[in-house]
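1. I need the structure of the sequence given here:
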Amino acid sequence: MSRSNGRIWPYAIGASIIFVFGACVATIVVTSKVPVEKSDTYMMGYHEADAKANDIINDRIEFNKKYKIEYLTDDFNSQNCVVKYKVGDINSNSVNNADIKVVVTRPDNHKHDQELINSAVEGGVYTFSAIKLPLEGRWDIMAKISIDGVQRFYNIKTDTRSKEIIEY
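-> Model prediction:
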């Protein structure tokens, strides 16, 4: 039997401990450089959204009993993006008195947020002025729709590089 086989284990264990410690330090260094952004899924801070969670859910249920909303934007691109929503009642009648606030934002930071106001309304279709997005890639479009004291948040994820749209 060779004695060299028994001598390598202490070195392997020591190297493993140093490697794990180094990985922990690297993780802390990398994550400390990434900015932490507040969540604003419902156009409010996390604590406020948490406190009003039941109200938000009940408002959404009440809104869905009376109204329908649909995202109609044809082509979401970075050069000339026109955001459109169609709002109607449950009987498919157009609703032209909705108050819609829209924020277009990046999912990872709020440096490029754009708030859309003053939409043109025709036949229940709310069309916002064209915007230019500073970056290609993923964007969140958050809308708050209020009609006759009932409100709903309608948030979607989209990408300037593809046509996939996901409501969240």
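2. surely I147 meets V87?
-> Yes. At 7.3 Å, I147 and V87 qualify as touching, with contact defined as C-beta atoms under 8 Å. All C-beta atoms are positioned from the backbone trio N, CA, C, and that covers glycine.
3. Looking at these two, which is more packed in?
-> For the pair I147 and V87, the greater number of neighbours falls to V87 (21 against 18), based on other C-beta atoms under 10 Å.
4. Please identify the helix or strand for the more buried one.
-> strand 84-89 (DSSP states H and E).
5. what about the residue nearest the centre of the chain, which SS state?
-> Among the residues of the chain, D140 comes closest to the average C-alpha position under C-alpha atoms, centre = their mean, at 4.0 Å. Going by DSSP: H, G, I helix; E, B strand; the rest coil, the secondary structure assigned to D140 is strand.
6. Pairing partners for it in the sheet, please.
-> In this structure, D140 has the following beta-bridge partners (DSSP bridges): T105, K157.
7. for G88, same thing?
-> The residues paired with G88 through beta bridges, assigned by DSSP bridges, are K68, S94.
8. Please report the distance of it from V34.
-> Here the criterion is C-beta to C-beta, to the nearest Å. By it, G88 lies 42 Å from V34.
9. higher neighbour count, the two?
-> Residue environment comparison for G88 versus V34 gives the larger neighbour count to G88, 17 against 9, counting by other C-beta under 10 Å.
10. looking at it, the more buried one is touching N96, isn't it?
-> No. Counting by C-beta under 8 Å, no contact exists between G88 and N96, whose distance comes to 10.0 Å.
11. Mutual contacts of those two, please.
-> When contacts are counted by C-beta atoms under 8 Å, 6 or more residues apart in numbering, G88 and N96 have G124 as shared neighbours.
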